[in-house]
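Colleague: The amino acid sequence is not available; the structure is as follows:
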């Protein structure tokens, strides 16, 4: 009989147990590693989700700021002030705060994003914090900001792990609270950003780090302090976790240039529709009276838009109105004083009407109408002090009739056009040009022949084009409206002569490498056939 204890059996059992233990330990290790991997993946997924939440909020804020700036009917390109809140409303109400209506500026140039003013939801980052926002002082939404166009440079700069200048606005995601930051809605403390004691949750330095929280006010409440121009973009860490997105001059005004160009197209299409598909003469680029010509200059195919009456016309109509008053006074009382005043007014009206007659080309109907006004004024100046009431009435009626005739034929080249009467046209009129194809000039055939219609980027056959000059590039400053040639405003093949221009133009997308040397926007015009 074998004993209960056998070294051989014990040895076999021992080896078996050790094998089981190793298997158990291996399983435990696999489970541990798997747990760590799953935990790491979960953490990474959460981090990615948080990043996506913040990035989406920043992107929506940027897109909305640009959209709003483009659509403003009074000051396109302007941006609203931040929401700086108050001690009774520490986190703000989402409405842009302002000082002095549309005349001065923002009380502070950094604050929370004015989401209600922008018409968007109350955007938050992944930490649940509202977004913060700063803007360049010279694009604030106020009447004192003039001019506001492609030449307006942003005053903000960004340094750090990426750099940018000429920045108009920055939107910040503040992230989680870092050491030393107090976001209380009830406690007050001295704020680095304003230099005043305010509720902690109103102070940018409790949300933003480094230069992002520097002083950014007008002269008040910190005398002599200008808005902070310098901001930082960096990797997140224990002392910095701001994430930001920004708007550059180029990003904003390349979009607004399209709006201005399209509005100019509407004016040209409206003119052509009312004039047998012919377009008006342009104003020579070197003409110092830009915007003061009603019909442009004959044979000028390339130039700026003529949008107002000639100064001579306005002067004549003013003198005629004064003459009407003088006649009325003389008819009521034929004193020597009233007679002398009437004769003087008549002579001035005649001289002014003669100037209008000389100004207009013989093809313009208003030329002969101005001559008729001059003749009527001459007849009034010839009235004697003893003129009868019938003679005075006849002279007065002749002046009224000729003035009415003149107004009826006075060129009005822009039917259904609102651009030239807008609040912002004065900001843009120096930067907007057009050219008409020779066959579509006043009196032209109205049909392109080979090589006569205009092309853009070697394509198309267009009746006209609109050009909007971008910001000045190297060598294009200063831009002097009274003397500068087209090359001061336009680049590449786009600068043309007024009387014998080329038919070819070029334009490039903002993302193109060519945009850095040719930043003109060129839009085709053909009566909305293909150029919508």
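Modeller: Sure thing, it's come through. No experiment lies behind these values; they were computed from the predicted model shown. Numbering: from 1, shown residues only.
Colleague: Tell me where the stretch 151-300 of the chain has strands.
Modeller: Assigned by DSSP state E, counting those that start in this stretch, the stretch 151-300 of the chain shows strands spanning 156-160, 164-173, 188-190, 197-199, 230-233, 243-248.
Colleague: Dump the ones you listed into a markdown table; add mean pLDDT, mean neighbour count and distance to residue 280 as well.
Modeller: Yep, even glycine has a C-beta here, placed from its N, CA and C like the rest. Formatted as a markdown table, those follow (pLDDT from 0 to 100; neighbours: other CB atoms under 10 Å; distance: least, CB to CB, whole Å):
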| stretch | mean pLDDT | mean neighbour count | distance to residue 280 |
| --- | --- | --- | --- |
| strand 156-160 | 96 | 18 | 41 |
| strand 164-173 | 96 | 23 | 35 |
| strand 188-190 | 94 | 14 | 63 |
| strand 197-199 | 95 | 18 | 58 |
| strand 230-233 | 96 | 20 | 47 |
| strand 243-248 | 97 | 21 | 36 |
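Colleague: how about a markdown table for those strands, with distance to residue 69 added?
Modeller: As requested, those are exported to a markdown table (distance: least, CB to CB, whole Å):
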| stretch | distance to residue 69 |
| --- | --- |
| strand 156-160 | 15 |
| strand 164-173 | 8 |
| strand 188-190 | 34 |
| strand 197-199 | 29 |
| strand 230-233 | 20 |
| strand 243-248 | 8 |
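Colleague: Which of the ones you listed sits closest to residue 419?
Modeller: Smallest distance to residue 419 across the strands of the stretch 151-300 of the chain (CB to CB): 23.3 Å, for strand 164-173.
Colleague: Tell me the strands beside the closest one, with direction?
Modeller: According to DSSP bridges, strand 164-173 has the following sheet partners: strand 132-135 (antiparallel), strand 156-160 (antiparallel), strand 243-248 (antiparallel).
Colleague: Residue 523 is in what secondary structure piece?
Modeller: Using DSSP states H and E, residue 523 falls within strand 521-525.
Colleague: contacting residues around that strand?
Modeller: 254, 257-258, 261-262, 264-265, 268-269, 279, 434, 454, 456, 460, 462-468, 470, 494, 505-507, 530-531 (CB atoms under 8 Å, 6 or more residues apart in numbering).
Colleague: Turn the strands paired with strand 164-173 into CSV, including distance to residue 426.
Modeller: Shown next, in CSV, are these (distance: least, CB to CB, whole Å):
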stretch, distance to residue 426
strand 132-135, 23
strand 156-160, 26
strand 243-248, 24
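Colleague: follow-up on the earlier one: may I see the PyMOL selection of the buried members of the contacts of strand 521-525?
Modeller: In PyMOL, this line selects whichever of the contacts of strand 521-525 come out buried by 16 or more other CB atoms under 10 Å:
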select buried, resi 254+257+261+262+264+265+268+269+279+434+454+456+462+463+464+465+466+467+468+470+494+505+506+507+531
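Colleague: Neighbours of residue 443, how many?
Modeller: 9 (other CB atoms under 10 Å).
Colleague: sec struct for it, please.
Modeller: Assigned by DSSP: H, G, I helix; E, B strand; the rest coil, the conformation of residue 443 is coil.
Colleague: phi, psi of it?
Modeller: For residue 443, the backbone dihedrals (degrees, to the nearest 10) come out as phi 80, psi 0.
Colleague: Could I get the phi/psi values of the residue nearest the centre of the chain?
Modeller: For the chain, residue 77 is the residue whose C-alpha lies nearest the centre (CA atoms, centre = their mean; 3.0 Å). The phi/psi pair for residue 77 (degrees, to the nearest 10) reads phi 100, psi -10.
Colleague: How about the contacts made by it?
Modeller: Neighbour list for residue 77: 69, 70, 139, 148, 149, 152, 252, 253, 256 [criterion: CB under 8 Å, 6+ apart].
Colleague: Try it again at 10 Å.
Modeller: 66, 69-70, 139, 141, 145, 147-150, 152, 168, 249, 252-253, 255-257, 259-260, 424, 427-428 (CB atoms under 10 Å, 6 or more residues apart in numbering).
Colleague: Residue 369 now?
Modeller: So residue 369 contacts 353, 356-357, 360, 402-410 (CB under 10 Å, 6+ apart).
Colleague: what's the pLDDT at the residue nearest to the centre of the chain?
Modeller: The per-residue pLDDT reported for residue 77 equals 93.
Colleague: distance of it from residue 345?
Modeller: 46 Å (CB to CB, to the nearest Å).
Colleague: Run through the strands of the stretch 351-500 of the chain in chain order.
Modeller: Per DSSP E, counting those that start in this stretch, the stretch 351-500 of the chain carries strands over the ranges 432-436, 454-456, 459-462, 464-468.
Colleague: quick revisit: just name the closest of the contacts of residue 369 to residue 330, please.
Modeller: Using CB to CB, residue 403 is the member of these that lies nearest residue 330, at 18.0 Å.
Colleague: how about that closest one, what does it touch?
Modeller: Contacts of residue 403 (CB under 10 Å, 6+ apart): 316-317, 320-321, 323-324, 349, 353, 369-370, 372-373, 376.
Colleague: please redo it, this time with the cut-off set to 6 Å
Modeller: residue 320 (CB atoms under 6 Å, 6 or more residues apart in numbering).
Colleague: again with residue 320
Modeller: 349, 403.
Colleague: in the strand or helix carrying it, what's buried?
Modeller: Using DSSP H and E, the element containing residue 320 is helix 311-332. Within helix 311-332, the residues that qualify as buried are 312-313, 315-317, 319-320, 322-324, 326-327, 329-331, counting by 16+ other CB under 10 Å.
Colleague: what's the farthest-apart pair in those residues?
Modeller: Farthest-apart pair in the buried residues of helix 311-332 is 312 and 331; separation 28.4 Å (CB to CB).
Colleague: returning to what we had before: now the strand holding residue 523, how far from the centre of its chain.
Modeller: 18 Å (CA atoms, centre = their mean, to the nearest Å).
Colleague: partners of that strand, with directions?
Modeller: Sheet partners by DSSP bridges: for strand 521-525, these are strand 464-468 (antiparallel).
Colleague: which residues make contact with the partner strand from outside it?
Modeller: Residues contacting strand 464-468 (CB under 6 Å, 6+ apart): 257, 260-261, 264-265, 268, 279, 432-436, 454, 505, 520-525.
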